[in-house]
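>>> Would you be able to build a 3D model of this:
(one chain, ligands or ions: 1)
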Amino acid sequence: MALVRQRSAVAFLIAILQVADATGSCLDAGEDCSLRDAAAEAGMRVGAAMEPSHFSDPDYGPVLALEFDSLTLENSMKWQATEPVQDNFSFAHADAAVAFADANSMTVRGHNLVWAQARVDSTPDWVEAITDPDELRAVLATHVQTVVGRYAGKVDAWDVVNEPLETAGTALFENHFFQVLGPGYIAEAFALAHAADPSATLFLNEVLISNGGPKFDAFLALVTDLLQQGVPIHGVGFQGHYFGPPDPVQLEANLRTFADLGLIVEITELDSLLRPGPDLASRLAVQGDEYFAVARACARVPACARITTWGFTDRYTWIDSFLGPGFAPLPLDVDYNRKPAHTGLRNGMLERIAPTAVPVWSPGWSIVAWLGFSALGTFRLREPGRRDAN
Ligand code: 9MR
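Numbers count the residues shown, from 1 in each chain. Presented below is the predicted three-dimensional model:
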């Protein structure tokens, strides 16, 4: 009974928000504005990772379509899901998501074509058992042609290769494709994807590149090399799983670095863990500030086309199974209520059309702000009127 009451409350809220969203500007609507409407007004897209298996939860689909204009299959377009047995393709979940996107005027990011890391379940064992280069090449070609070809014109962007570098290192990850085909497997995968759908935007997607440092440098060198080889790479995905606080100034600089190479950039897998703090309200507020800072960094870079959150409700987040419960990393809570992270993400995107002068937080900016306020204080103390008043 309580569940029924809660569901009808969510349905009622959605109806109100749909009416509110249909009128006026998000700049005036404040809390009534959906992420989707804010993104549209800012000239961006906003997406979420999702799984059709959650459609049995009656609020899941309506909230997804209300808040987002793009979706990514969290798992169901991975090789393990689409071709678990050689030449035996399975598209039921991916098709359901693409049909949902079509019915709700949403775009779809394809994730992903090649991701072979020992620690994850993304590539089937039968692929990893192939040691003959010609055979693996043929299998890769069949997979990419079949999957990309099926969704040509329906999936606007593909993560062609996911996480090419070692997670905490700078070298190419020596996955199965690297071992059998050599480092050229990346260029080969992009060429295959481009041939299968020449209109799709093709991405290299990587984790832990939001900050500066050796991994970012290695990733930049890799992308530069691919471009010089003439590989059809069109975009770079910054995953954005924030286990620690983001540095938005560095993030913006890194996004610009790739934009300056003529590439599209996207935040492809945003989530941000609740930090320790004195009480839940302040922890949620900090999370909201972090979402704002990340979204604002993207909004300030014209080539940053889309922000995708990795899930959208704390009811379903991979972090629960990875780290345990309690980190609540997404913009909506377990009951689909909007959190400060929702406000932050929305207002951050709106910075593209209504930039504020206040610099976002970062360690560097804090020092600048402190020096600025100190100087202002000194100046004020010396102001004649003030001295006289004392
Ligand atoms: O969230 C995904 C989780 O459910 C899967 O078990 C895991 C392995 O396939 O992949 C997770 O998503 C990852 C994404 O595909 C690539 N970047 C890191 C994401 C979180 O691990």
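>>> residue ranges of the strands in the protein, please?
Along the chain, counting by DSSP state E, strands occupy 45-50, 70-73, 107-114, 157-162, 201-206, 235-238, 241-242, 264-272, 304-309.
>>> can you tell if the last one touches the ligand?
No. For strand 304-309, no contact with the ligand is found by C-beta under 6 Å from any ligand atom; the gap never falls below 10.9 Å. To be clear about C-beta, it is placed using only N, CA and C from the backbone, and glycine gets the same treatment.
>>> contacts for that strand?
Around strand 304-309, the neighbours that count as contacts under C-beta atoms under 8 Å, 6 or more residues apart in numbering are 39, 44-49, 70, 72, 109, 235, 255, 259, 264-271, 294-295, 297-298, 330-331, 345, 349.
>>> So which of these reach the ligand?
Among these, the residues that sit close to the ligand (C-beta under 6 Å from any ligand atom) are Glu269.
>>> Make a PyMOL selection of whichever of the contacts of strand 304-309 turn out to be buried.
To isolate in PyMOL the members of the contacts of strand 304-309 that are buried, counting by 16 or more other C-beta atoms under 10 Å, one can use:
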select buried, resi 39+44+45+46+47+48+49+70+72+109+235+255+259+264+265+266+267+268+269+270+271+294+295+297+298+330+331+345+349
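>>> can you list the residues of the stretch 251-390 of the chain near the ligand?
Glu269, Trp318.
>>> Show the contacting residues for the closest residue to the ligand within the chain.
Closest approach of the chain to the ligand (C-beta to the nearest ligand atom) occurs at Trp318, with a separation of 3.3 Å. Trp318 sits next to Glu74, Trp310, Gly311 when contact means C-beta under 8 Å, 6+ apart.
>>> Quick check: closest non-adjacent residue to the last one.
Taking C-beta to C-beta, 6 or more residues apart in numbering as the measure, Gly311 lies nearest to Thr317, with 4.7 Å between them; neighbours along the chain are not counted.
>>> so who does the one you found touch?
Asp271, Trp310, Gly311, Phe327, Ala328, Pro329, Leu330.
>>> do you know how far it is from Arg300?
Look at Thr317 and Arg300: by C-beta to C-beta, to the nearest Å, they are 27 Å apart.
>>> which residues sit in contact with the residue nearest the centre of the chain?
Closest residue to the average C-alpha location of the chain: Thr268 at 2.3 Å, with C-alpha atoms, centre = their mean. Taking C-beta under 8 Å, 6+ apart, we find Thr268 in contact with Thr72, Arg109, His111, Asp159, Phe203, Asn205, Gly237, Phe238, Gln239, Gly240, Thr308.
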